[in-house]
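Novice: Here you go, sequence then predicted model.
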Amino acid sequence: MLFTRMKTIAAAALGVAMLLPLGACGTTDEATDSGNSGSATIGSYDVSGVKKDDAIAKLLPESVTKDGKLTIGTNPSYAPAEFLDADGKTQIGYDMDLARALGNTFGLETEIVSSNFDTIIPAIGSKYDLGIAAFTITPERMKSVDFVSYFTAGMGYAVKSGNPNKVDENDLCGLKVAVETGTVEEEAINETAKQCKADGKKDIEIQSSKQQTDATTAVVTGKADVFFADSPVVGYAIAQTDGQLEQLGKDFDSVPNAIAVKKGDTATVEAVQKAMQKLMDDGTYDKILKHWGVESGALKTAEVNPDVEG
């Protein structure tokens with residue numbers, strides 16, 4: 001049986017913004033994004049009212065606090081979770097608002113560094129204190145980092161409006177499928193491609209891009225038949241492309257997103273969990289998600305390394 005409703009090892013950090021080219025992208029790592037983004041129709045939620053919690057801040061080790069900054073790695077091509085504002089520099093989105101709220105809770109300056117998605121986890125604990133890029137918890141990733149859950153998202157497909165290529169979500173063999181490099185969506189579609197070959201069907205042409213915006217653009221311009229991403233990303237892409245895209249089928253495989261922390265750094269893990277839980281309990285978290293229209297993905301409890309299916 002063709003494996004097209006790809007059972008996730010987890011949903012990945014993907015994203016989409018508008019499809020206009022931009023220049024530099026703010027604070028960057030050497031492997032930063034040069035992809036497309038565009039004007040934000042929603043600005044950041046104001047988290048200036050979030051004040052330092054001394055008890056929680058004291059939990060952080062000196063390795064995090066010594067420079068006075070909370071350094072976070074992200075990939076800002078992933079609207080509405082993380083993407084670039086109209087200035088082409090400022091990282092915005094619900095993840096970024098939560099990141100800055102965490103920094104305020106710790107009494108630290110939040111420094112967000114833009115990088116390619118697949119380079120973030122390997123750099124946590126060295127270049128970054130945390131990774132916040134809509135990471136989904138997977139057993140494989142848990143070998144490298146610890147996680148604190150904060151959101152849940154399904155997965156979905158997007159095609160050109162009217163589905164002119166008659167894409168069937170239950171049979172992607174022979175199609176051009178766009179994904180972001182390093183995500184579990186890419187891994188899942190690779191598995192589907194193997195199954196197509198095993199079944200003697202036409203090959204899937206997998207178009208893997210460093211930025212989700214490129215994957216989205218590929219569908220809009222007809223270079224790909226379908227893109228595969230998290231459900232909030234699909235919904236935002238549809239809203240931001242003025243009717244050029246539509247969702248194919250329904251969301252599936254809802255799984256938690258989480259903040260990545262250096263493996264074994266129990267002090268930072270505890271601090272992040274308590275800080276996120278405080279934001280959930282005092283209403284800041286709900287206000288941020290509602291601001292971005294993604295409150296359906298809200299969690300009540302921030303958990304450390306919750307169980308997931310492999």
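Specialist: Done, it's in.
Novice: those strands in the protein, which residues are they?
Specialist: 69-74, 77-78, 82-84, 91-92, 109-114, 130-136, 145-160, 176-180, 205-209, 226-230, 245-262 (DSSP state E).
Novice: Quickly compare those strands and say which is most buried.
Specialist: Greatest average neighbour count among those goes to strand 77-78 (a mean of 33), per mean count of other Cβ atoms under 10 Å. In this view, the C-beta of every residue, glycine as well, is placed from N, C-alpha and C.
Novice: As TSV, the strands of the chain with mean pLDDT and distance to Leu59 would be great.
Specialist: Shown next, in TSV, are the strands of the chain (pLDDT from 0 to 100; distance: least, Cβ to Cβ, whole Å):
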stretch	mean pLDDT	distance to Leu59
strand 69-74	98	13
strand 77-78	87	29
strand 82-84	94	25
strand 91-92	97	26
strand 109-114	98	17
strand 130-136	95	14
strand 145-160	95	13
strand 176-180	96	34
strand 205-209	97	39
strand 226-230	93	30
strand 245-262	92	12
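Novice: Which one of the ones you listed lies nearest to Asp282?
Specialist: strand 145-160 (14.5 Å; Cβ to Cβ).
Novice: mind giving me the domain ranges of the chain?
Specialist: In terms of domains, the chain is parsed into 54-153+254-297, 155-253 (source: automatic domain parsing).
Novice: if I look at Tyr150, how far off is Lys52?
Specialist: 20 Å (Cβ to Cβ, to the nearest Å).
Novice: brain fart, Asn75
Specialist: Taking Cβ to Cβ as the measure, Asn75 falls 28 Å from Lys52.
Novice: and if you look at Val148?
Specialist: Taken as Cβ to Cβ, the span from Val148 to Lys52 is 19 Å.
Novice: Can you list the helices and strands that the helix or strand of the chain with the lowest mean pLDDT packs against?
Specialist: Lowest by mean pLDDT, DSSP states H and E among the helices and strands of the chain is helix 231-240, with a mean of 85. Helices and strands touching helix 231-240, by 3 or more Cβ pairs under 8 Å, 6 or more residues apart in numbering; DSSP states H and E, are strand 145-160, strand 245-262.
Novice: how about the CA coordinates for that helix, as CSV?
Specialist: Below are the C-alpha coordinates for helix 231-240, written out as CSV (Å, rounded to 0.1, in the frame of the first residue of the first chain):
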residue,chain,number,x,y,z
SER,A,231,-0.6,23.1,9.2
PRO,A,232,0.0,26.7,10.6
VAL,A,233,2.4,27.2,7.8
VAL,A,234,0.1,26.0,5.1
GLY,A,235,-2.8,28.1,6.5
TYR,A,236,-0.6,31.3,6.6
ALA,A,237,0.8,30.7,3.1
ILE,A,238,-2.7,30.5,1.7
ALA,A,239,-3.7,33.7,3.5
GLN,A,240,-0.5,35.5,2.4
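Novice: Run the angle between that helix and strand 245-262 for me.
Specialist: Angle of helix 231-240 versus strand 245-262, following axes from the mean of the first three to the mean of the last three Cα atoms, to 10 degrees, is 140 degrees.
Novice: Take the helices and strands packed on helix 231-240 and lay them out in TSV including distance to Met276.
Specialist: Listed next are the helices and strands packed on helix 231-240 as TSV, based on distance: least, Cβ to Cβ, whole Å:
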stretch	distance to Met276
strand 145-160	5
strand 245-262	7
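Novice: Of those, give the one that comes closest to Gln277.
Specialist: Comparing these by Cβ to Cβ, strand 145-160 comes nearest, at 9.1 Å.
Novice: Send me the closest one as CSV with only the CA atoms.
Specialist: The C-alpha coordinates for strand 145-160 follow below in CSV (Å, rounded to 0.1, in the frame of the first residue of the first chain):
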residue,chain,number,x,y,z
VAL,A,145,19.1,17.8,22.5
ASP,A,146,16.5,18.0,25.3
PHE,A,147,13.1,19.5,24.6
VAL,A,148,10.5,21.6,26.3
SER,A,149,7.1,21.4,24.6
TYR,A,150,5.1,24.5,24.0
PHE,A,151,2.8,24.1,20.9
THR,A,152,1.2,21.4,18.8
ALA,A,153,0.8,21.4,15.0
GLY,A,154,-0.5,19.0,12.4
MET,A,155,0.9,18.6,8.9
GLY,A,156,-0.7,19.4,5.5
TYR,A,157,-0.2,19.9,1.8
ALA,A,158,-0.8,23.0,-0.3
VAL,A,159,-1.4,23.2,-4.1
LYS,A,160,-2.2,25.9,-6.6
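Novice: What helices and strands are in contact with that strand?
Specialist: When contacts are defined as 3+ Cβ pairs under 8 Å, 6+ apart, strand 145-160 sits against strand 130-136, helix 212-220, strand 226-230, helix 231-240, strand 245-262, helix 266-281.
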